[in-house]
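Student: Sequence and predicted structure, then a few things I'm wondering about:
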Amino acid sequence: MRKLIFVVTLLFSVNALYAQNTDVTFKNGDGTITFGGTLSVPAAEKNSGNAVILISGTGKQDRDGNMAGHPWFKVLAAYLVDKGLTVLRTDDRGEGKTTGKYETATTGDFAKDALSAVAYLKSRKELKLKKIGLLGHSEGGAAITIAAAASKDVAFLISLSGLATNGYQAQILQNEDIVAAAPIPDRDKKRYNEINALMFKTALKYADSSTLDTMLNRAYAAWKVKDDALIKSEGVEFDHFRYPIYSYVNNATGPWYRYFIKYDPAPYLAKIKVPILAINGSKDIMVNPAVNLADWKKLSAAGGNKNVKTIELPGLNHLLQHCKTCQIQEYKEIKEDIAPEVFLEIGKWLKEQKIIN
């Protein structure tokens, strides 16, 4: 496997010499945000005349998509350009050359940012682009869904570990999977799942209320009384269980979380009629692979879109790397940026859809 990874990486590096990489800037529709990014155009003999825009997931990232030391989008862009696609990748709000404040933005705002990038590519008439698609990672899967539902200029979607469940369910599944993988006693796993479910349910119920912080703290306090009694009855002398109530409430009362916990992909996916590819790793504990891949198909089919291909790749984590523990802490220890089979599946699908030659 390592030999294959080396060969693929070398191929990207060599072919990238024949592509044109340019730093670009553009503004959103009302001129309030300036985006900085890199536009990569394939060599003339390889150029398919189509383009894709890369949309990041949760957490402020630069245009290279650096996550746990892995330049995710830089590596991905090299592959896509080599296959004949023009690629645009930008710094997130408040990062690098992009203005704006990431911390007050929502998934809906990120969808608008994606459409600003589409408008920019359309304005570059000399590129003579026929189709422009969106590729989103993690929360970026939700952002490209919202964007595609709002615009006829989006010609295809690629989701990598992308979200297709509602925000509340996503929080439940993600935290249950993280807890299940954690090296802690079963009793504490049960406690975490119980308090997480209570807090998420409360956050959903009061997402639009000015009293959200009060209701979250009240729900936690009531649970803590019951939990303390339980632990005392079991004769536990030193209870090391800790729930980050302060940081959770601080995050949950912000605009991003209020939007996310209410997010429902169903009405958006029902409007999308373009080809969709969704890839998840079987060991992803951040975006549940089985549930999300099923929703990509089911919710799209509800709107009549049957051109949806879903792929669950065995042994891969949220960053689509081969993993052992597959926990978040392991990401930075893995040398691989993205597993070779991910590239192979993307390339095969792009050819099937006649997006590349």
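Tutor: That came through fine. Numbering: from 1, shown residues only.

Student: quick one: buried residues of stretch 115-135?
Tutor: Buried residues in stretch 115-135, defined by neighbour count with 16 or more other C-beta atoms under 10 Å: 115-121, 124, 127, 129, 131-135. To be clear about C-beta, it is placed using only N, CA and C from the backbone, and glycine gets the same treatment.

Student: And stretch 251-259, by the same measure?
Tutor: Buried, per 16+ other C-beta under 10 Å, within stretch 251-259: 252, 253, 256, 257, 258, 259.

Student: mean confidence for that stretch?
Tutor: The average pLDDT for stretch 251-259 rounds to 97.

Student: CA atoms only: put it into CSV for me.
Tutor: Extracted in CSV, the C-alpha atoms of stretch 251-259 (Å, rounded to 0.1, in the frame of the first residue of the first chain):
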residue,chain,number,x,y,z
ASN,A,251,-20.8,26.8,21.8
ALA,A,252,-24.5,25.9,21.7
THR,A,253,-25.7,29.5,22.2
GLY,A,254,-23.6,30.7,19.2
PRO,A,255,-25.2,31.2,15.7
TRP,A,256,-23.4,28.2,14.1
TYR,A,257,-24.8,25.7,16.5
ARG,A,258,-28.3,27.1,16.6
TYR,A,259,-28.4,26.8,12.8
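
Student: Touching that stretch from outside, list them.
Tutor: With contact meaning C-beta atoms under 8 Å, 6 or more residues apart in numbering, stretch 251-259 is reached by 103-108, 167, 199, 203, 207-208, 212-213, 216, 261.

Student: hmm, try it at 7 Å
Tutor: With contacts defined as C-beta atoms under 7 Å, 6 or more residues apart in numbering, stretch 251-259 is touched by 104, 105, 106, 107, 108, 203, 207, 212, 213, 216.

Student: are any of those buried, and which?
Tutor: 105, 106, 107, 108, 203, 207, 212, 216.

Student: Which of those residues fall in helices?
Tutor: Applying DSSP state H to the buried ones among the contacts of stretch 251-259, the entries found in helices are 107, 108, 203, 212, 216.

Student: These: which two are farthest apart?
Tutor: Within these, 108 and 216 form the most distant pair, 22.6 Å apart (C-beta to C-beta).

Student: Tell me the pLDDT of the residue nearest the centre of the chain.
Tutor: Closest to where the C-alpha atoms of the chain average out (C-alpha atoms, centre = their mean) is residue 138, at 1.6 Å. Per-residue confidence (pLDDT) for residue 138: 97.

Student: What residues does it make contact with?
Tutor: Contacts of residue 138 (C-beta under 7 Å, 6+ apart): 57, 58, 161, 162, 163, 286, 287, 318.

Student: just to revisit the earlier point, out of the ones in helices among the buried ones among the contacts of stretch 251-259, which one sits closest to residue 85?
Tutor: Closest to residue 85 out of those is residue 107 (24.9 Å), distances taken as C-beta to C-beta.

Student: Can you give the distance of stretch 48-63 from its chain's centre?
Tutor: In terms of C-alpha atoms, centre = their mean, to the nearest Å, the gap separating the centre of stretch 48-63 from the centre of its chain is 10 Å.

Student: Revised request: answer the last question for stretch 245-263.
Tutor: In terms of C-alpha atoms, centre = their mean, the gap separating the centre of stretch 245-263 from the centre of its chain is 18 Å.

Student: what's the answer for stretch 108-128, then?
Tutor: Distance of stretch 108-128 from the chain centroid (C-alpha atoms, centre = their mean) equals 19 Å.

Student: Good, wrapping up.
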